[in-house]
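# Following is a predicted model, sequence given first.
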Amino acid sequence: MLWTHFKYWTLDSGHLLSNLVLPNFHFSPEPHFTGLIAGLSTLVRIPGSPSTSAYTASKSFRFSPAPRGAYLAYSALPAFASATADVLRSQSRSAPASATSLRPTSARAPPPPAPRLFPAPRLFPAPRLFPALRLFSAPPQFPPPPSAPRLHSRPVPRCTDSTPFPRRLGLRSGGNGQGGASAAAKAKAGTLPIPGPVGSSHPGSRRDRGGSGGGGGGREEVGAAARLLPSCARGARLRRGARSPGRRAPPRWRSERCLFPETPGTSSAKRLFNVMATPRGRTKKKASFDHSPDSLPLRSSGRQAKKKATETTDEDEDGGSEKKYRKCEKAGCTAACPVCFASASERCAKNGYTSRWYHLSCGEHFCNECFDHYYRSHKDGYDKYTTWKKIWTSNGKTEPSPKAFMADQQLPYWVQCTKPECRKWRQLTKEIQLTPQIAKTYRCGMKPNTAIKPETSDHCSLPEDLRVLEVSNHWWYSMLILPPLLKDSVAAPLLSAYYPDCVGMSPSCTSTNRAAATGNGSPGKLEHSKAAPSVHVPGMNRYFQPFYQPNECGKALCVRPDVMELDELYEFPEYSRDPTMYLALRNLILALWYTNCKEALTPQKCIPHIIVRGLVRIRCVQEVERILYFMTRKGLINTGVLSVGADQYLLPKDYHNKSVIIIGAGPAGLAAARQLHNFGIKVTVLEAKDRIGGRVWDDKSFKGVTVGRGAQIVNGCINNPVALMCEQLGISMHKFGERCDLIQEGGRITDPTIDKRMDFHFNALLDVVSEWRKDKTQLQDVPLGEKIEEIYKAFIKESGIQFSELEGQVLQFHLSNLEYACGSNLHQVSARSWDHNEFFAQFAGDHTLLTPGYSVIIEKLAEGLDIRLKSPVQSVDYSGDEVQVTTTDGTGYSAQKVLVTVPLALLQKGAIQFNPPLSEKKMKAINSLGAGIIEKIALQFPYRFWDSKVQGADFFGHVPPSASKRGLFAVFYDMDPQKKHSVLMSVIAGEAVASVRTLDDKQVLQQCMATLRELFKEQEVPDPTKYFVTRWSTDPWIQMAYSFVKTGGSGEAYDIIAEDIQGTIFFAGEATNRHFPQTVTGAYLSGVREASKIAAF
């Protein structure tokens, strides 16, 4: 019974669901704009608008920031409405049915975000990552490229009532992905283009990324305004205009042109409507070489052409010779002469001419003939494409397309030579499937999957493909049509409940088959109510759950696998538009780390597991190093008791030019020192006592048992760094059972129904306190003990219920347990903020006893560090360029940064003098917290006299005879899970601490033995053979157990104490961790947090 109550205040309460916000690693879900989007969706089809709340069954979307072109479309809506009215008044024809789905000009919309399977409760407003969408605002202004040609100087006429639609529509003449007539030809024909800002065709543009189109013109590069007209709905084509024999505008900086000449008596919108509403059927026309203005040749679509030799080709910049190839029409593509990588069709263009090049990246294209080979139902490749499409649709969320098929199935793999002196990238043949083993062992000239060895050893001397160099350019990724989706990712088993393409994995792999993972007969559908709360991967520690699972409430140190967090967006802003690559690599890194946390994870260990087709694999390999260093610095990976040599530092040399002094060798100081040392930073630790560990101090003098004088219990093991360090050290923890009998003085075991009844009333009292404090400020705060007594008396008065004497004693037991959790008498604790950390996700899972003691972890953390014992610090002077630290014996130390990890009680009493002094704000926060005190007593007996009564339970409770005895030996723990040795440990908390402070150890022992003999009155209780009593309150360099919020204070004080001073003085310790105070885990994480901040500075 007791443990159920103990969980309430040591873990998260069931009714307080909260969103996880890690120190320096905040998790904030995106806001939903369902009302806004739903209202607009009848007019404009916005990519990412939510359609239903049923997540997986309907594959609903969340709002995502619109691409650049969308702003142009939204701003043109009023003009579109006016133009449509004008047309309908003047002619009776109706718009095509497809006009109801209006589509803004879209650069490739980012893949839909992963489904929100669980509502993340938010107690505080989330920061807005992107500006709110304004539907009818002016389009954003983008600077024109420097080389943009200015064709004319005539100003742009304003739109008037007679011309309701903007004259500059941003349209290009020509259909099926082909460019329009040149400026010279239009001048001849009497159609002068209206000047204006040049279209966005620079390498960073994404105007034609998405869908099944390709190239820089036609369907996918039509301007935003044209997309708003009825016949520009999906599937419609523009009327094919005439092609000029004159010089074309430069392909990368082609200006936008007005499509229609001004003719009297006809409005611009009406003329545009007439042209675009023409029948979709196309008339075949022979290519003409008559260059007269009256018979301008039409550009052939290529699909009706009989022979390539008879088709018109683009003319050279000099206007003379014909070319036997066609350039990629994707705006900004650097491929002057594309080559088809697919070679699937017998009529493949190879590096010759095709009617249309489909762009995947700068350097990867496939021809129209290979497109037809897979896309046309009468072609040989159609069955392969439809089979892939069925698998993709059943497992993924994004729409399958021919481009996605080519990228996922047909692009060749690239692999890097493993010879240190070579390291060149080589393209594998299309038939070779890349595996981690091939990536680890590949050498230039090697024939994978065969036993044939290279005949010569000079393959490494062959030059590297020139396309490899382009991949490193910053603009290359922006020209990528589709994001990389990893195949057979190590993270797949951990993310089986998510759509693979929403977390950076390919839906076509067997490892991401959601139907198999869910055991569901209908592929691709995941029942909202049946999603597993956690995933266990064979071979992985069951306490490792790095990713949130659907339908879960907050768990500490969990990551959303489908969302970039604030720190990540700040560090990698280039992925804010489309985070797919970052999510794929981050999820892979986390999965690899938790698969083997005993060795440092390096880029070289990650690279073989990056399996993705195409040149984008080179970019992924380059990016994984940056992401891994970021995650290492943040303490998400390569943490714990991991130790590295001088030549294996975890961060690059840029981080090594720092020196740090750490004051205090407790869990926080040693955690920071270990992290900084592994980063390659010089660290010196100054410790006042003659031992390390601080409030972690294990007594190993008991026979066969280690007893912690300080911390020894782990509250919640899932994702707890203590569980991680135990895995690294190969030590086990003992899981506590839930049974806890409450024994009265006299030896009687309390009826469990009474325990349950009083447990209900106890929690009801705390619930009323929670309701009371909702609208209370700090000035209205009262002591928790006073508020509980007030509520209790009011309940008795109003209900008329009278509790029995035993029920009142059991209630006092629960209150004593609450004082143990707070570390103080309840009359000093804030009623408003006593459980402030419960607003954040807490560690879930088992509560365990660390049987070997925390000292095993502490000693491993300190291994190899420069620690100076018996060096109490007297002053810290940070007024100069370097920080000067002076100890009590006059020894001076200097460093660039100083980390202070001393207990809160020492800061309150001014044990260290700071120059300049600490700010008033920080001192106020320090004094608003209380330095809680608990003491321990441990006893070893000749035999286990308690076994027959408690029947193997890990602990049993002592019902206090009166309120004055509350907190005195309330719980006794059995310290030997194997039940071989006879050691009991008990705790003194609340007012009882003050009552034993004046007693010596022997007197405390006598009181404890009297209590045990009352609890086991029916049998003989032997005298102990060994015992100890702690005196934390009188230790000059400790003076406390753990912190709590005093009346009138708030949890914000923890954050204020944690703030650094001028990027020079930093603070760590359990009293600086707002999320996990009062624990070794909180102290450790605060050290990791500050190490990350110091490394970043």
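The structure has been received and is ready for your questions.
# Quick check: phi and psi on the residue lying closest to Pro1024 once chain neighbours are set aside?
Closest residue in space to Pro1024, ignoring its immediate chain neighbours: Leu939 at 4.0 Å, by CB to CB, 6 or more residues apart in numbering. The C-beta positions use only the backbone N, C-alpha and C, and glycine is treated the same way. With angles defined as degrees, to the nearest 10, Leu939 sits at phi -140, psi 140.
# Any idea what Leu939 is bridged to?
Leu984, Tyr1027 (DSSP bridges).
# shouldn't it be in contact with Leu984?
Yes. Here Leu939 reaches Leu984: they are 5.4 Å apart, a contact under CB atoms under 8 Å.
# how near is Tyr498 to Pro507?
Counting by CB to CB, to the nearest Å, the gap from Tyr498 to Pro507 is 11 Å.
# ok, the two, which is more surrounded?
Tyr498 (30 against 25; other CB atoms under 10 Å).
# So the more buried one sits against Pro561, correct?
Yes. Counting by CB under 8 Å, Tyr498 does reach Pro561; the two are 6.2 Å apart.
# What would the longest helix seen in the chain look like as CSV? C-alpha coordinates only.
The residue-count maximum for a helix in the chain (DSSP state H) belongs to helix 752-772. The C-alpha trace of helix 752-772 is given here as CSV (Å, rounded to 0.1, in the frame of the first residue of the first chain):
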residue,chain,number,x,y,z
PRO,A,752,-5.6,-3.1,3.8
THR,A,753,-9.1,-1.6,3.4
ILE,A,754,-8.3,1.0,6.0
ASP,A,755,-5.1,1.8,4.2
LYS,A,756,-6.9,2.2,0.9
ARG,A,757,-9.6,4.4,2.4
MET,A,758,-7.1,6.8,4.0
ASP,A,759,-5.0,6.7,0.9
PHE,A,760,-8.1,8.0,-1.0
HIS,A,761,-8.7,10.8,1.5
PHE,A,762,-5.0,11.8,1.5
ASN,A,763,-5.0,12.2,-2.2
ALA,A,764,-8.3,14.0,-2.1
LEU,A,765,-6.7,16.5,0.2
LEU,A,766,-3.9,17.1,-2.2
ASP,A,767,-6.4,17.4,-5.1
VAL,A,768,-8.2,20.2,-3.2
VAL,A,769,-4.9,21.9,-2.7
SER,A,770,-4.3,21.7,-6.4
GLU,A,771,-7.7,23.3,-7.2
TRP,A,772,-7.1,26.0,-4.6
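# all strands for the stretch 851-1000 of the chain, in order.
867-868, 873-877, 883-887, 892-895, 897-900, 913-915, 929-932, 935-940, 955-959, 968-974, 983-988 (DSSP state E, counting those that start in this stretch).
# And the third one, what does it pack against?
Just to be clear, that refers to strand 883-887. Secondary-structure packing of strand 883-887 (3 or more CB pairs under 8 Å, 6 or more residues apart in numbering; DSSP states H and E): strand 659-663, strand 873-877, strand 892-895, strand 897-900.
# Dump the strands of the stretch 851-1000 of the chain to JSON lines, plus distance to Arg757 and mean pLDDT.
Formatted as JSON lines, the strands of the stretch 851-1000 of the chain follow (distance: least, CB to CB, whole Å; pLDDT from 0 to 100):
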{"stretch": "strand 867-868", "distance to Arg757": "53", "mean pLDDT": "97"}
{"stretch": "strand 873-877", "distance to Arg757": "53", "mean pLDDT": "97"}
{"stretch": "strand 883-887", "distance to Arg757": "57", "mean pLDDT": "97"}
{"stretch": "strand 892-895", "distance to Arg757": "59", "mean pLDDT": "96"}
{"stretch": "strand 897-900", "distance to Arg757": "48", "mean pLDDT": "97"}
{"stretch": "strand 913-915", "distance to Arg757": "53", "mean pLDDT": "96"}
{"stretch": "strand 929-932", "distance to Arg757": "30", "mean pLDDT": "96"}
{"stretch": "strand 935-940", "distance to Arg757": "31", "mean pLDDT": "97"}
{"stretch": "strand 955-959", "distance to Arg757": "14", "mean pLDDT": "96"}
{"stretch": "strand 968-974", "distance to Arg757": "19", "mean pLDDT": "96"}
{"stretch": "strand 983-988", "distance to Arg757": "25", "mean pLDDT": "96"}
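# Single out the most deeply packed of the ones you listed.
Most buried of those by mean neighbour count (mean count of other CB atoms under 10 Å) is strand 897-900; its value is a mean of 27.
# Tell me the strands beside it, with direction?
Here, using DSSP bridges, strand 897-900 pairs with strand 659-663 (parallel), strand 1065-1067 (parallel).
# Make CSV out of those strands and add mean pLDDT.
Shown next, in CSV, are these (pLDDT from 0 to 100):
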stretch, mean pLDDT
strand 659-663, 97
strand 1065-1067, 98
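# Just name the most buried of these.
By mean count of other CB under 10 Å, these have strand 659-663 as the most buried, with a mean of 24.
# nearest residue to Leu670 other than its sequence neighbours?
Leu861 (4.2 Å).
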